[in-house]
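1. got a sequence here, can you build the structure:
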Amino acid sequence: MTALAIGRGVGKALGNALLVIVMVYLLWVVVVELVDNPFVAKGPGDVAEFLFTGEDATENRSAVFEQLGVTLRDAAIGFTAGMLAAIVLAGAIVLSRGVESTVMPVAMILRAVPLIAMAPVIVLIFGRGISAVAVMSGIVVLFPALVGIVFGLRSSSKQMHDVVHVYGGSDRDVLLKVSFPAALPSLFAAIRISVPGAITGALIAEWLATGRGIGYAVVSAAGQSKNNEVWALVIVVTVVSLLLYLLAQVLETFVLARYGKDAGRA
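-> A predicted model of the protein is given here:
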C-alpha cells in the first residue's frame, strides 16, 4: 500500500513539474513574440545556441555552470540557516506565548522591509562573505517557513497531548513526540516554498554583497549588453529551481507515505 501511495505521489509530482515546464516554455515564447526585439528578447533557439550548438558553447556552458555552482552553494547555506531558525523558533513559539509576542513582530518586520533596503546594514555588520549570504537568503526563507511550521505544530490532536501528559510527559515531550510528527505536511510545504525562496535570496545576496554567482553575473552581463548570456543564466537557474522543487515534492511523498498520518493506507 505504501509503495502504491509513493508511486501515485511521485507520478503526480512529475506530472505537475512537466506541466509547469511547458507553461514556462510557452510563456517564454509569448514574451519573446510580444517584445519583438531580437537584440533584447532571446528565444529558446538563441539560448540553445549559446549553451550547446554555438562555436563557444563549451566555454559558455562551463562559465554558466560554474556560476550556478556558486549560487546553489549560497542557496543551500541560506536554506539551511533559514529552515533551522524557523524550526527552532516555531518550537519555542508553541511552548511559550511570550516568545511568540517577541519573535513574530521581528519576523514580520524582516519580511516587510525590502531586502535591498537592509542590504547595506547587513553588509556593514556581516561583511561580504558567507555570513551575509546566510543572513540575506535566510531572511527570505524564515518568515513563510516559520508561519507554516507553527501552524502545523498547533494542528496536532489535543487528545494526544492529554495522553502524553497523563503518562507524565512534559510540554517538551508533547512537542517532540506529538506536535512535530503531526506537523510533517506543514514542514514539507514550508520546504517546498523555501527552496525557490532560498535561490532568490542567494541571487539577491550575490548581487548586493558577494559579487559572485548568477545573481552578480546576470547584472554584469546585462550591463555589457550580453543578452544571450543573460537569458541563458536566467533560464538555467529557473529550470534548476523547478527541479529542486520537484525533488522536495518527491521527498515529501516518500516521508509522508512512511511516517505521515496516512502511512500504510492505500
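
2. residue ranges in the stretch 151-266 of the chain under the pLDDT threshold?
-> Along the stretch 151-266 of the chain, segments meeting pLDDT under 70 span 260-266.

3. list the contacts for the closest residue to residue 182 other than its chain neighbours?
-> Nearest in space to residue 182, with sequence neighbours left out and distances taken as C-beta to C-beta, 6 or more residues apart in numbering, is residue 156 at 3.7 Å. Every C-beta, even on glycine, is put in place using the N, C-alpha and C of the backbone. Taking C-beta atoms under 8 Å, 6 or more residues apart in numbering, we find residue 156 in contact with 178-179, 181-183.

4. on the three-state scheme, residue 156 is what?
-> Under DSSP: H, G, I helix; E, B strand; the rest coil, the three-state class of residue 156 is coil.

5. picking up where we left off before, and which of the contacts of residue 156 is nearest residue 230?
-> Nearest to residue 230 among those: residue 183, at 40.7 Å, using C-beta to C-beta.

6. how many residues are close by the residue nearest to that closest one when sequence neighbours are not counted?
-> Nearest-residue entry for residue 183: residue 152, 3.1 Å, with adjacent residues in sequence omitted and distances by C-beta to C-beta, 6+ apart. Residues near residue 152, counting by other C-beta atoms under 10 Å, number 22.

7. wait, residue 152 touches residue 188, no?
-> No. Using C-beta atoms under 8 Å, residue 152 makes no contact with residue 188, being 9.4 Å away.

8. you'd agree residue 74 is up against residue 138?
-> No. Counting by C-beta under 8 Å, residue 74 stays clear of residue 138, with 10.9 Å between them.

9. now stretch 50-63: average pLDDT?
-> Averaging pLDDT along stretch 50-63 gives 93.

10. and that stretch, what's buried?
-> For stretch 50-63, the neighbour count (16 or more other C-beta atoms under 10 Å) marks 50-51, 60-61 as buried.

11. contacts for it?
-> Against stretch 50-63 from outside (C-beta under 8 Å, 6+ apart): 42, 49, 64, 228-229, 231-232, 236.

12. picking up where we left off before, which among the contacts of residue 156 gets closest to residue 172?
-> Nearest member of those to residue 172, counting by C-beta to C-beta, is residue 179, at 10.1 Å.

13. distance-wise, check the closest one relative to residue 82.
-> Residue 179 sits 20 Å away from residue 82, going by C-beta to C-beta, to the nearest Å.

14. swap in residue 99?
-> Distance, residue 99 to residue 82, using C-beta to C-beta: 18 Å.

15. more neighbours: which of these two?
-> Between residue 99 and residue 82, residue 82 has the larger neighbour count (other C-beta under 10 Å), namely 27 against 15.

16. nearest residue to the more buried one other than its sequence neighbours?
-> In this structure, residue 82 finds its nearest non-sequential neighbour in residue 141, 2.7 Å apart by C-beta to C-beta, 6+ apart.

17. how about the helices in the stretch 1-150 of the chain?
-> Ranges of helices in the stretch 1-150 of the chain, per DSSP state H, counting those that start in this stretch, are 2-35, 44-48, 57-95, 97-112, 115-126, 130-154.

18. any chance of JSON lines for those helices, columns distance to residue 245?
-> Converted to JSON lines, these look like this (distance: least, C-beta to C-beta, whole Å):
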{"stretch": "helix 2-35", "distance to residue 245": "8"}
{"stretch": "helix 44-48", "distance to residue 245": "21"}
{"stretch": "helix 57-95", "distance to residue 245": "12"}
{"stretch": "helix 97-112", "distance to residue 245": "21"}
{"stretch": "helix 115-126", "distance to residue 245": "21"}
{"stretch": "helix 130-154", "distance to residue 245": "14"}
